[in-house]
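> Let me see the structure of the following:
(one chain, ligands or ions: 3)
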Amino acid sequence: MLQRASEVASYLLDSKDVHIVTHIDADGITAGAIASETLRRLKKRYSIECVKQLDEVTLQRLIREDHELVWFTDLGSGITTQYPELRKIITDHHECPLESDVPFHLNPHLFGRDGSFELSGAGATYLVSRAVSEKNRDLSSLAIVGAIGDLQDRRFCELRGLNAEIVKDGVEAGVLQTVRDIRYFGKETRPLTKLLQYASDPLIPGVSGREDASVAFLQELQIELKQKDSWRSWVDLRKEEKRRVISAIVQMLLSKGFGYQVASRVLGETYLLCREEEGTELHDAKEFATLLNSTARYGQYEVGLQVCLGDRGKWLKEALNLLSGHRHNLVEGLQFAREEKIQKRTYVQYFHAGDGIRDTIIGIVTNMMLNTEEVDKGLPLIGFAHTENGEVKVSARATQHLVDRGLDLATALTRAAQEIHGVGGGHNIAAGATIPKGKEEEFLQCVEREIKLQLVS
Ligand code: C5P
Ligand code: C5P
Ligand code: ZN
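Numbering: from 1, shown residues only. Ligands and ions are numbered 1, 2, ... in the order given. You can find the predicted model right below:
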């Protein structure tokens, strides 16, 4: 794989002008930032754009624009053998067939690695950047923000495989630090009560989802919620206080019968960007990734990109403004999805948000829904939402347990979408598609047929 990274790097070195096309989430933005910074350091001319997905309209436009070289990051593995008129390199991690194995395509799946947890789009892009120059090892922290943004630590509560090697680069370069700590989101910037109220993987029974219960839980443990006039966050706790909270959560899970495997998910490896200030949205990789999702998923990718490239002034301020909107939309989106009744079928369950949830965040909301207490974990969950150009966005999420039994959502959604003239793709555990409006029922039937085959074979 490192050999392939060097081959891809040589395409870059041979070009003068490169156009980067990347994806609209945290992994896409960090991938785009690594690509831009690599080209800037090489003193190449470059431009960048961010897209929701690679559709025919975008591809035809790129062909007309006649770029010397297009660098697809965190997307593109579906078009390796098509569009020969497009001179391209691809650093991606989505599932792909073996015929995608062409010299300009770097993808973990082509080397027997699993792109859902071993390497992200930003990670694949970083491997090329590092092959260009060893001096680019400082960009490893962005690659880790991308991997965490794609939840690649979810399976083992830590990063593994090629991701773990990138972590090592980051530690050696002095840009990353790993800490074994509580895994919940918002350790640096969220008030403690919010950390527990929104805790989802694992859920804290009787506490998650309830503000009053999380206040009571902390008070019972005699944890001060405030320091002078400001709310304390997780990083403000003393070691002993942290231990008290963690062991109370673990005990709560065990006493409610969740078992050791679930309880042990409270703790895991967490990743800190040590050149960033503690207590900010940029210090912890999870929070950094959410900040980036607040920009590109709302059409403001430039904001996230500038923050990745080092801006700590006006762009960061703008990103923080967008963050509060994003948080609000997620809370509302989750509320909306909860009120929509989930329809159960034999092999999937689904909800249709219509115009109620933006198509760019339906994936995050579907993930959050699958983590709630009321949703059956034995079936994959599909969320539908309308897009602004009259189509339907589909997001599907499942548990590792179902994947271990043979489920592969990427294959199921790709095939089902193809049959109704849509497009789909992704990973075994999380996949998406865009399909024509009105075709939802037909799509569900095709997905069920595919999943049935996967689970018996
Ligand atoms: O397009 P991309 O690969 O960047 O997105 C990956 C998606 O897969 C993310 O939305 C992430 O939430 C989801 N995922 C997941 N569980 C995993 C790995 C990825 O839900 N174990
Ligand atoms: O959009 P969502 O977060 O649900 O996407 C889940 C996964 O499926 C991501 O990795 C995304 O890049 C992928 N996907 C895809 N083709 C689509 C839609 C989503 O490969 N049309
Ligand atoms: Zn990705």
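> How many residues are close by the nearest residue in space to residue 92 that is not next to it in sequence?
For residue 92, ignoring the flanking residues on the chain, the nearest one in space by Cβ to Cβ, 6 or more residues apart in numbering is residue 77 at 4.3 Å. C-betas here are computed from N, CA, C, even on glycine. Residue 77: 26 surrounding residues under other Cβ atoms under 10 Å.
> what does residue 374 give?
Counted with other Cβ under 10 Å, residue 374 comes out at 8.
> so what's the residue in the chain positioned nearest to ligand 3 up against?
With Cβ to the ion, the shortest gap between the chain and ligand 3 falls at residue 27, namely 3.4 Å. If you count contacts by Cβ atoms under 8 Å, 6 or more residues apart in numbering, residue 27 has them with 74, 120-122, 146-147, 149-150.
> 7 Å instead?
Listed by Cβ atoms under 7 Å, 6 or more residues apart in numbering, the contact partners of residue 27 are 74, 120-122, 146, 149-150.
> if I pick residue 217, what's in contact with it?
Listed by Cβ under 7 Å, 6+ apart, the contact partners of residue 217 are 196, 207.
> what comes up buried for the helix or strand containing it?
Using DSSP states H and E, residue 217 falls within helix 211-220. By neighbour count on 16 or more other Cβ atoms under 10 Å, the buried set for helix 211-220 is 213-215, 217-218.
> per-domain residue ranges of the chain.
2-148, 182-331, 341-456 (automatic domain parsing).
> can you give me how far the helix holding residue 217 is from the chain middle?
30 Å (Cα atoms, centre = their mean, to the nearest Å).
> ok, back up a step: which one among the contacts of residue 27 gets closest to residue 333?
residue 149 (17.7 Å; Cβ to Cβ).
> what's the helix or strand harbouring residue 128 in contact with?
Assigned by DSSP H and E, residue 128 belongs to helix 121-132. Applying Cβ under 7 Å, 6+ apart, the contact partners of helix 121-132 are 2, 5-6, 8-9, 12-13, 23, 27-28, 30-31, 34-35, 38, 42, 73-74, 91-93, 106-108, 136-137, 139-140, 142-143, 146-147, 162-163, 166.
> That one near ligand 3 anywhere?
Yes: under the criterion of Cβ under 5 Å from the ion, ligand 3 is reached by helix 121-132 at residue 121.
> all helices for the stretch 201-350 of the chain, in order.
Shown for the stretch 201-350 of the chain, the helices assigned by DSSP state H, counting those that start in this stretch span residues 211-220, 239-255, 259-263, 285-296, 301-308, 314-339.
> what's the burial count for the closest residue to residue 7 other than its chain neighbours?
Ranked by Cβ to Cβ, 6+ apart and with sequence neighbours excluded, the top spatial neighbour of residue 7 is residue 103, at 5.6 Å. Burial measure for residue 103: 11 neighbouring residues, criterion other Cβ under 10 Å.
> likewise residue 112?
Residue 112 has 8 nearby residues by other Cβ under 10 Å.
> re earlier: assign a three-state SS to the residue nearest to residue 7, would you?
coil (DSSP: H, G, I helix; E, B strand; the rest coil).
> What's the separation between it and ligand 2?
23 Å (Cβ to the nearest ligand atom, to the nearest Å).
> Check that residue and give its pLDDT.
What the model reports as pLDDT for residue 103 is 91.
> That one reaches residue 9, doesn't it?
No: assessed by Cβ atoms under 7 Å, residue 103 is found out of contact with residue 9, at 11.8 Å.
> Can you tell me the number of residues neighbouring the residue in the chain that ligand 1 sits nearest to?
Among residues of the chain, the one nearest ligand 1 by Cβ to the nearest ligand atom turns out to be residue 430. It sits 3.2 Å away. Neighbourhood size, residue 430 [other Cβ under 10 Å]: 23.
> got the end-to-end distance for stretch 152-169?
18 Å (Cα to Cα, to the nearest Å).
> Just the mean pLDDT for that stretch, thanks.
On average, stretch 152-169 scores 98.
> in it, what's buried?
Here stretch 152-169 shows 152-155, 157-163, 165-167, 169 as buried, counting by 16+ other Cβ under 10 Å.
> Of the domains of the chain, flag the one that's most buried.
The highest average neighbour count among the domains of the chain, using mean count of other Cβ atoms under 10 Å, belongs to domain 2-148 at a mean of 21.
> what separates that one from the chain centre, distance-wise?
The chain centre lies 17 Å from the centre of domain 2-148; the measure is Cα atoms, centre = their mean.
> Endpoints of that domain, how far apart?
The first-to-last residue distance of domain 2-148 comes to 22 Å (Cα to Cα).
> does ligand 1 sit close to that domain?
Yes: Domain 2-148 lies within reach of ligand 1 by Cβ under 6 Å from any ligand atom, at 23, 25, 27, 74, 94, 116-117, 121.
> that older thread, am I right that the residue of the chain closest to ligand 1 is in contact with residue 400?
No: applying Cβ under 7 Å, one finds residue 430 not in contact with residue 400, separated by 11.0 Å.
> Name the spans of the stretch 351-457 of the chain whose pLDDT lies under the cut-off.
457 (pLDDT under 70).
> quick one: the residue nearest the centre of the chain and residue 232, what's the gap?
The chain has residue 150 as the residue nearest its centroid, 2.1 Å off, counting by Cα atoms, centre = their mean. Applying Cβ to Cβ, to the nearest Å, the value for residue 150 to residue 232 is 30 Å.
> sorry, back to before: so can I have JSON lines of the helices of the stretch 201-350 of the chain showing mean pLDDT?
Output for those, formatted as JSON lines (pLDDT from 0 to 100):
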{"stretch": "helix 211-220", "mean pLDDT": "96"}
{"stretch": "helix 239-255", "mean pLDDT": "97"}
{"stretch": "helix 259-263", "mean pLDDT": "94"}
{"stretch": "helix 285-296", "mean pLDDT": "97"}
{"stretch": "helix 301-308", "mean pLDDT": "98"}
{"stretch": "helix 314-339", "mean pLDDT": "95"}
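> got CSV for the ones you listed, with distance to ligand 1 too?
Putting these into CSV (distance: least, Cβ to the nearest ligand atom, whole Å) gives the following:
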stretch, distance to ligand 1
helix 211-220, 24
helix 239-255, 20
helix 259-263, 16
helix 285-296, 9
helix 301-308, 14
helix 314-339, 13
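> I appreciate the help and will end here.
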